[in-house]
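Asks: next come a sequence and a model predicted from it.
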Amino acid sequence: MSPTTNGHYTPRDPTLISNGHSNYTNALLHAHTDLDSGAYTHRPLVPGVYVPTVCFFNDITEDLDISTIKKHAVRMAEAGVAGITTQGSNGEAVSLSHRERRLVTTATREALEAAGYHDMPIIVGCGAQSTRETLELCHDALLSGGDYVLVLPPAYYKGLMSNTDLYEYFRDVADESPLPVLIYNFPGAASGLDLDSDFISKLSQHPNIVGCKLTCGNSGKLARIATATNAATPSDIGSGFMAMGGSADFTLQTLIVGGSGVIAGLANIAPKACVAIVNYYAQGKIKEAKRIQARVAQGDWAAIQGGLVGTKSCLQTFFGYGGYARKPLPRPASEEAIKWERAFQDVVDLERTL
């Protein structure tokens, strides 16, 4: 049974969280932690749309823009997303120090708490190239107010690792992580490494592995995993395992084959539109869901082509904030910004009608 079924997981060393952290973080942790028993109460994951939030920086210094990070998190919550993911590919985690990663997640939690979204879960990206560093990031995620961790496979030394080595990596992380784990399959960010359905389904039997995100876009793989795990859906909690698609352009397809929802970068721009697909599907209004999905898929194609550079350009143009990615990622020239404005216009128009 997954730890999220009853909302508790007992870590191996609860004393790791006891000292040396901010008053806010300690207060937050004690609200969700019983140090005597070592039981952590997690905000439950529910089927729906999760947004991997982009990270925001000062345009000149490239320091974290904490106020915009907080504002964006609240905008996402107000749009009805089921949860937020920090430190994902859209969040430029690879460009941040460990301290900055902690600050982003802490700021997100503070913003949600201040706005009254006390029950909104935060999934924190924690993949690294060694088991040791991944676990360090998992502990940081807990201390920063995260509820779950999202873990990419290590791929820098891909040619030296067998499937057994990769399996043992995820097993070791799940054994030691103080937070439940979601497996992140994204070949584009892992030197082409593509975890298959048998591999993920086998790992799903670990009691501290509670879901997966498939940015490979393979709906057949997702269907096999959803069936093997009896994944949670909008109409049936099933085992509680979260079989998640990794982009907005196959939200409806994910739901139809038995998946739990999506962790979708386009939700940074059009969260209401993404949520509407799930809501229409849950209500049995498939025609309406298909209509929204078609426009979302077109908008997501712009997001896929432009990556976080295009997404930030869109946010700046239509919502008045966004700024730029950290160097060496490029800052779009004016003609490129116009291109992204045109590409995203329809999905933004849709968002504004909802």
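Replies: Ah, there it is.

Asks: how about residue 324: what's its closest non-neighbour residue?
Replies: Leaving aside its sequence neighbours, residue 324 sits nearest to residue 331 (CB to CB, 6 or more residues apart in numbering; 4.8 Å). Every C-beta, even on glycine, is put in place using the N, C-alpha and C of the backbone.

Asks: which helix or strand contains that neighbour?
Replies: Using DSSP states H and E, residue 331 maps to neither a helix nor a strand.

Asks: touching, it and residue 316? I think so.
Replies: No. In this structure residue 331 lies outside contact range of residue 316 using CB atoms under 8 Å: 10.7 Å.

Asks: now the strands: where do they sit in the stretch 201-350 of the chain?
Replies: 209-214, 242-245, 261-263 (DSSP state E, counting those that start in this stretch).

Asks: let's have the ones you listed in CSV, adding distance to residue 297.
Replies: Shown next, in CSV, are these (distance: least, CB to CB, whole Å):
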stretch, distance to residue 297
strand 209-214, 16
strand 242-245, 12
strand 261-263, 12
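
Asks: tabulate these (a markdown table), appending mean neighbour count.
Replies: Listed next are the strands of the stretch 201-350 of the chain as a markdown table, based on neighbours: other CB atoms under 10 Å:
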| stretch | mean neighbour count |
| --- | --- |
| strand 209-214 | 28 |
| strand 242-245 | 31 |
| strand 261-263 | 32 |
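
Asks: and these: which comes nearest residue 234?
Replies: Residue 234 lies closest to strand 261-263 among the strands of the stretch 201-350 of the chain, at 7.7 Å (CB to CB).

Asks: for the chain, what's the longest helix?
Replies: The single longest helix within the chain, with elements called by DSSP state H, is helix 286-319.

Asks: got any ranges where the chain has weak pLDDT?
Replies: Across the chain, the ranges flagged by pLDDT under 70 are 1-40.

Asks: can you give me the helices for it?
Replies: Using DSSP H, helices in the chain cover 23-32, 66-78, 98-114, 131-143, 163-176, 197-203, 219-229, 251-256, 271-282, 286-319, 334-353.

Asks: these: which one's closest to residue 264?
Replies: Across these, closest to residue 264 is helix 271-282 (CB to CB), at 5.6 Å.

Asks: which residues touch the closest one?
Replies: The contact list for helix 271-282 (CB atoms under 8 Å, 6 or more residues apart in numbering) reads 47-49, 51, 75-76, 79-81, 234-235, 248, 251-252, 255-256, 261-262, 264, 266-267, 286, 288-289, 292-293, 295-296, 299, 347, 350-351, 354.

Asks: now it: buried residues?
Replies: By 16 or more other CB atoms under 10 Å, the buried positions in helix 271-282 come out as 271-281.

Asks: try stretch 117-128
Replies: Residues 117, 120-128 are the ones in stretch 117-128 that count as buried (16+ other CB under 10 Å).

Asks: with just CA atoms, put it into PDB.
Replies: This file holds the C-alpha atoms of stretch 117-128, laid out as PDB (Å, rounded to 0.1, in the frame of the first residue of the first chain):
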ATOM      1  CA  TYR A 117      -4.100  26.900   0.300                       C
ATOM      2  CA  HIS A 118      -2.900  24.900   3.300                       C
ATOM      3  CA  ASP A 119      -3.700  21.500   1.700                       C
ATOM      4  CA  MET A 120      -2.100  22.000  -1.600                       C
ATOM      5  CA  PRO A 121       0.800  19.500  -2.100                       C
ATOM      6  CA  ILE A 122       4.200  20.400  -3.400                       C
ATOM      7  CA  ILE A 123       6.200  17.900  -5.400                       C
ATOM      8  CA  VAL A 124       9.900  18.800  -5.500                       C
ATOM      9  CA  GLY A 125      12.300  17.800  -8.300                       C
ATOM     10  CA  CYS A 126      15.300  16.000  -6.600                       C
ATOM     11  CA  GLY A 127      17.100  14.100  -9.300                       C
ATOM     12  CA  ALA A 128      20.900  14.200  -9.300                       C
END
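
Asks: start at 525 instead
Replies: That works, and once the first residue is 525, the last one we named lands at stretch 641-652.

Asks: so what's the gap between it and the chain middle?
Replies: Here the centre of stretch 641-652 is set off from its chain's centre by 7 Å, with CA atoms, centre = their mean, to the nearest Å.

Asks: wait, which of the buried residues of stretch 641-652 is closest to residue 662?
Replies: Using CB to CB, residue 650 is the member of the buried residues of stretch 641-652 that lies nearest residue 662, at 5.0 Å.

Asks: I'd say the closest one and residue 609 touch.
Replies: No. Contact status for residue 650 versus residue 609: not in contact, 10.9 Å apart, counting by CB under 8 Å.

Asks: need the residues touching each of these two.
Replies: Joint contacts of residue 650 and residue 609 (CB under 8 Å, 6+ apart) are residue 674.

Asks: about what we covered before: could the helices of the chain be laid out in CSV, adding distance to residue 581?
Replies: Listed next are the helices of the chain as CSV, based on distance: least, CB to CB, whole Å:
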stretch, distance to residue 581
helix 547-556, 22
helix 590-602, 9
helix 622-638, 10
helix 655-667, 20
helix 687-700, 29
helix 721-727, 34
helix 743-753, 34
helix 775-780, 29
helix 795-806, 22
helix 810-843, 10
helix 858-877, 17
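
Asks: quick one: closest of those to residue 851.
Replies: Here helix 810-843 is closest among those (CB to CB), at 11.7 Å.

Asks: buried residues in the longest helix of the chain?
Replies: Residues of helix 810-843 classed as buried: 813, 816-817, 819-821, 823-828, 830, 832-842 (neighbour count, 16+ other CB under 10 Å).
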